[in-house]
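Enquirer: What shape does this take:
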Amino acid sequence: MPIVKYKNQSGIEYAYDQTSVYDPVKKQSRPVRKYLGRVDPETGEIISTKGKRGRPPKAGKAAKHPEEASAVPGVPGEEMVRELEALRARLQEKEEENRELKERCEALMNLLSSIKEQIDNTIH
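Expert: Residues are numbered from 1 along each chain as shown. Below is the predicted model:
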């Protein structure tokens with residue numbers, strides 16, 4: 001059973017264990033490949049990538065929900081919830097500031113249009 005190596009478009013090389021199986025309908029042999037892992041570009045060794053599913057998230061990644069925050073290693077859940085609440089409060093402040101600026105901008109636009117009308121009336 002030879003080991004076959006394939007390189008994808010991004011240049012990552014993968015290794016497969018290949019066997020041939022005869023197809024009696026088409027009367028040809030077909031390759032059957034079993035995934036072995038990635039090929040290290042420097043050493044040429046096959047690095048197994050099996051078992052990655054179900055691993056806990058890395059310490060730098062945050063949980064999707066604050067309730068799950070305690071499941072993230074190295075990050076206390078309560079601290080993340082407090083930080084999230086602070087960010088939400090800051091977002092509300094920024095949204096209110098944005099609303100006020102839009103109102104002021106609209107008032108200025110109305111003022112400019114009335115001044116323009118007055119200028120047009122005095123010229124004509």
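Enquirer: tell me how far the helix or strand bottoming out on mean pLDDT in the chain is from the chain's mean position?
Expert: Lowest by mean pLDDT, DSSP states H and E among the helices and strands of the chain is strand 46-47, with a mean of 86. Relative to its parent chain, strand 46-47 has a centroid offset of 26 Å by Cα atoms, centre = their mean, to the nearest Å.
Enquirer: C-terminal to that strand, what's the next element?
Expert: Counting by DSSP states H and E, the element after strand 46-47 in chain order, helix or strand, is helix 77-123.
Enquirer: Need the CA coordinates for stretch 9-16. PDB is fine.
Expert: What follows is stretch 9-16 as a C-alpha-only set of coordinates in PDB (Å, rounded to 0.1, in the frame of the first residue of the first chain):
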ATOM      1  CA  GLN A   9      -3.900  25.100  -4.400                       C
ATOM      2  CA  SER A  10      -2.700  26.900  -1.300                       C
ATOM      3  CA  GLY A  11       0.400  24.700  -1.200                       C
ATOM      4  CA  ILE A  12      -0.500  22.400   1.700                       C
ATOM      5  CA  GLU A  13       0.500  18.800   1.100                       C
ATOM      6  CA  TYR A  14      -1.600  15.900   2.400                       C
ATOM      7  CA  ALA A  15      -0.800  12.200   2.600                       C
ATOM      8  CA  TYR A  16      -3.100   9.300   1.800                       C
END
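Enquirer: Counting neighbours, which bits of that stretch end up buried?
Expert: Neighbour-count burial for stretch 9-16, counted by 16 or more other Cβ atoms under 10 Å, picks out 14, 15, 16. Yep, even glycine has a C-beta here, placed from its N, CA and C like the rest.
Enquirer: Mind checking which of the residues you listed are in strands?
Expert: Judged by DSSP state E, these include 14, 15, 16 as members of strands.
Enquirer: what's the distance between the second one and residue 96?
Expert: Going back to what we said before, that points to residue 15. 57 Å (Cβ to Cβ, to the nearest Å).
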